[in-house]
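Visitor: Got a sequence here, can you build the structure:
(chains A and B)
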Protein chains: 2
Amino acid sequence: MHRTRFHAAALSAALLIATSAATATDPADNPGDEARPRTTQELLDASSATDWRRPDPANTLYMELEGGRVVIELAPDFAPRHVANIRTLAKQGFWDGLTIYRSQDNFVVQFGDLTDEGGTPKPLGDAKPALPAEFSRPAAGLPFHRLPDPDGWAPETGFAAGFPAARDPAGGQAWMAHCYGTVGAGRGAAPDSSTGAELYVVIGQSPRQLDRNITQVGRVLHGMELLSVVPRGTGPLGFHEQPAQRVSIRSVRLASEVPAAERTDIQVLRTDTPLFDAVVESRRNRRDGWYLQPAGHIDLCNITVPVRVAD
Amino acid sequence: MHRTRFHAAALSAALLIATSAATATDPADNPGDEARPRTTQELLDASSATDWRRPDPANTLYMELEGGRVVIELAPDFAPRHVANIRTLAKQGFWDGLTIYRSQDNFVVQFGDLTDEGGTPKPLGDAKPALPAEFSRPAAGLPFHRLPDPDGWAPETGFAAGFPAARDPAGGQAWMAHCYGTVGAGRGAAPDSSTGAELYVVIGQSPRQLDRNITQVGRVLHGMELLSVVPRGTGPLGFHEQPAQRVSIRSVRLASEVPAAERTDIQVLRTDTPLFDAVVESRRNRRDGWYLQPAGHIDLCNITVPVRVAD
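Guide: Next comes the predicted model:
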């Protein structure tokens, strides 16, 4: 009964790559087969060092949970003020000892200082208590690597600064798109009511209706599986009703403040290269033998940007 | 600090409805406010009994896990032969004592008879050992309630027999769409290598590239939160490497074979009514006060069909 394993392998080769400690190897030796489109795996196997980038440690967060480390890349190109605040909060150890207090199925987990139940809010210290909304930014000045397919939510989609993004040429605005793993700053009714102290992470179907309605600050590069399995809260909207159900946060630190030997050596595939275009095409039309009907299309949030972590 | 809770409430009212034991109440009393578009919640509060349907117990599966019951509605309109096989397997108790042996982040959980490690495959009994592929079906004869928005993966999307579906008028075919909660039958390289004994459930971003490449057999109506939090497998493709990591399945039964008093009294919003159209519109353009920029669009897999369960 090879069925199960084969099915699995054919379905998900690239997802495997995206979450494993893959390292580049030599291209497969396929003499006489030059014209055949390559699979995602073959493309990544043939990648060179310059196809990958190392995220800036000064804009990388390590969230330490009992189960391991979640690595978040911040997006100063989209939300510079929120990112600055989050960096200040991380330096102060703001989230240390706080909790993930919400897990709503097919939507988000959320963490920070849960003060709805009373008690004194944790001081923000040197972080700003109020920030302007950063829902979108001028398209001008932001290199945008556009995808070939149409999107129902925005005139254009693609990647900018390595993040899934959308753009409206008529309005002259660009914004991050809410995909799986997106990190955003919770807000109230007022658009400028977020500080970055309360953060959510998308764990379900891309909630693109949130685009341009809330400030996104980054995305999870590694360790999503630690967040996505947090037992769903039984309270309204996935809030954990009992403190024991919440997940303790040991610490959230900037990678740049962690000793080099303790950092996660992570690399992300660049999204502005011919190789990335080829990877996207290999996802638009799967070349794995298992697929009988290539889609000829891919939505922005179906593209998982490959990540590799050195042992 | 009302911020967090308000944010949550405004973001996700309908998701809450979809997973809670909501019961219909009288419409909100809004004299003089007749012209205002109603929110999803207001529409559901004003629904009548005929807006809802009870799934056929003979095509409903109860999967009993330690954490509770998962309710799956089978789709005989799309995969009659696989559904017949699955009904036979359930009557025989085929899955009782087997496991969920795979959990791949942002993709699928999978369960059945894991025989890759050797051992004798569990006999299929009266179920057929081979079935034809049921990737799509003739569009003719299938009532199709079309959505207003374009879709990149298919010429038309909508709902048919209550399931998210797509249609190609030119080719005369219709098929179920892979959305969060979709249940499908694992297969090998050959299109006709699935029997329904190995099943997967989508727990991540809609993998629409699978559409027309594999037989879908139904979807989870209730209890997704029991599947979506299964710790991800650390083996390739999310397979659980250690038997202890797998989730035991107590039983899988047809609802029609369970005593009436032990059944889950579940109702699903009909998808072929004016009310459903209004619900979809309330999701295309959110009327909750929190939203500042209505999307004016919704993708098929962003529509969560409301479900309610009696106490």
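Visitor: CA only for contacts and neighbour counts going forward, please
Guide: Fine.
Visitor: Contact partners for residue A:215?
Guide: For residue A:215, the contacting residues are A:79, A:133, A:134, A:135, A:136, A:184, A:185, A:186, A:194, by CA atoms under 8 Å, 6 or more residues apart in numbering or on different chains.
Visitor: Looking at these, which is nearest chain B?
Guide: residue A:186 (6.5 Å; CA to the nearest CA).
Visitor: thought that closest one was touching residue A:196?
Guide: Yes. Between residue A:186 and residue A:196 there is a contact at 7.3 Å, judged by CA atoms under 8 Å.
Visitor: Whatever residue of the stretch 201-311 of chain A ends up closest to chain B and residue A:85, how far apart?
Guide: Nearest residue of the stretch 201-311 of chain A to chain B (CA to the nearest CA) works out as residue A:229 at 3.9 Å. Residue A:229 sits 28 Å away from residue A:85, going by CA to CA, to the nearest Å.
Visitor: now residue A:245
Guide: Distance, residue A:245 to residue A:85, using CA to CA: 28 Å.
Visitor: more neighbours, the two?
Guide: Remark: of residue A:245 and residue A:85, residue A:85 carries more neighbours, 21 against 18, as counted by other CA atoms under 10 Å in any protein chain shown.
Visitor: Would you confirm that the more buried one contacts residue A:128?
Guide: Yes. Contact status for residue A:85 versus residue A:128: in contact at 6.5 Å, counting by CA under 8 Å.
Visitor: Overlap of the contact sets of those two?
Guide: By CA under 8 Å, 6+ apart, the residues touching both residue A:85 and residue A:128 are residue A:195.
Visitor: Neighbour count: residue A:186 and residue A:196, which is higher?
Guide: residue A:196 (28 against 25).
Visitor: Residue A:205 and residue A:181 touch, don't they?
Guide: No. Between residue A:205 and residue A:181 there is no contact under CA under 8 Å: 10.2 Å.
Visitor: Any stretches of chain A with poor pLDDT?
Guide: For chain A, the stretches flagged by pLDDT under 70 are A:1-35, A:116-118.
Visitor: Name the residue closest to the centre of it, please.
Guide: Ranked by distance to the mean C-alpha position of chain A (CA atoms, centre = their mean), the top residue is residue A:219 at 2.9 Å.
Visitor: gap between that residue and residue A:41?
Guide: Separation of residue A:219 from residue A:41 (CA to CA) stands at 23 Å.
Visitor: give the contact list for the closest residue to residue A:98 other than its chain neighbours.
Guide: Distance criterion CA to CA, 6 or more residues apart in numbering or on different chains; nearest residue to residue A:98, sequence neighbours excluded, is residue A:249 at 5.5 Å. By CA under 8 Å, 6+ apart, residue A:249 lies in contact with A:63, A:64, A:65, A:66, A:95, A:96, A:97, A:98, A:99, A:100.
Visitor: Domain-wise, how is chain A divided?
Guide: Domain segmentation of chain A under automatic domain parsing yields A:3-27+A:36-50+A:270-309, A:57-118+A:126-262.
Visitor: Can you say which helix or strand has the residue nearest to residue A:98 in it?
Guide: Remark: residue A:249 resides in strand A:247-254, with elements defined by DSSP states H and E.
Visitor: which strands and helices sit next to the helix or strand following that strand?
Guide: Using DSSP H and E, the helix or strand that follows strand A:247-254 in sequence is strand A:266-269. With contacts defined as 3 or more CA pairs under 8 Å, 6 or more residues apart in numbering or on different chains; DSSP states H and E, strand A:266-269 has these neighbours: strand A:52-53, strand A:307-309.
Visitor: So the residue lying closest to residue A:100 once chain neighbours are set aside: helix, strand or coil?
Guide: Using CA to CA, 6+ apart and skipping the chain neighbours, the partner closest in space to residue A:100 is residue A:111 (4.1 Å). Under the three-state scheme (DSSP: H, G, I helix; E, B strand; the rest coil), residue A:111 adopts strand.
Visitor: likewise residue A:237?
Guide: Secondary structure assignment for residue A:237 (three-state DSSP): helix.
Visitor: Could you give the number of residues near it?
Guide: Neighbour count of residue A:237, defined by other CA under 10 Å: 27.
Visitor: again with residue A:199
Guide: 23.
Visitor: Next, please give the residue ranges for the strands of the stretch 51-200 of chain A.
Guide: A:52-53, A:60-65, A:68-74, A:99-103, A:108-112, A:137-138, A:145-146, A:156-160, A:163-168, A:173-176, A:182-185, A:199-202 (DSSP state E, counting those that start in this stretch).
Visitor: Please name every helix or strand in contact with the first one.
Guide: Using 3+ CA pairs under 8 Å, 6+ apart as the contact test, the elements touching strand A:52-53 are strand A:266-269.
Visitor: neighbouring strands for the strand it packs on, and are they parallel or not?
Guide: Strand pairing for strand A:266-269, determined by DSSP bridges: strand A:52-53 (antiparallel), strand A:307-309 (antiparallel).
Visitor: Please tabulate these in CSV, including the columns mean neighbour count.
Guide: Listed next are those as CSV, based on neighbours: other CA atoms under 10 Å in any protein chain shown:
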stretch, mean neighbour count
strand A:52-53, 17
strand A:307-309, 20
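Visitor: and residue A:106, which of the ones you listed is closest to it?
Guide: Of all those, strand A:307-309 sits nearest to residue A:106, with 23.2 Å by CA to CA.
Visitor: Could you pull up phi and psi at the nearest residue to residue A:184 once chain neighbours are set aside?
Guide: The shortest distance from residue A:184 to any non-neighbouring residue, by CA to CA, 6+ apart, is to residue A:216 (3.9 Å). Main-chain dihedrals, residue A:216, degrees, to the nearest 10: phi -100, psi 140.
Visitor: Residue A:216 and residue A:82, how far apart?
Guide: Shown here: residue A:216 relative to residue A:82, a distance of 9 Å by CA to CA.
Visitor: What of residue A:284?
Guide: Going from residue A:284 to residue A:82 by CA to CA gives 34 Å.
Visitor: Can you check which residues contact both of residue A:216 and residue A:82?
Guide: When contacts are counted by CA under 8 Å, 6+ apart, residue A:216 and residue A:82 are jointly contacted by residue A:134.
Visitor: Neighbour count: these two, which is higher?
Guide: residue A:216 (32 against 29).
Visitor: list the contacts for that one?
Guide: Applying CA under 8 Å, 6+ apart, we find residue A:216 in contact with A:78, A:79, A:134, A:135, A:176, A:178, A:182, A:183, A:184, A:185.
Visitor: Since that was my last question, I'll sign off now.
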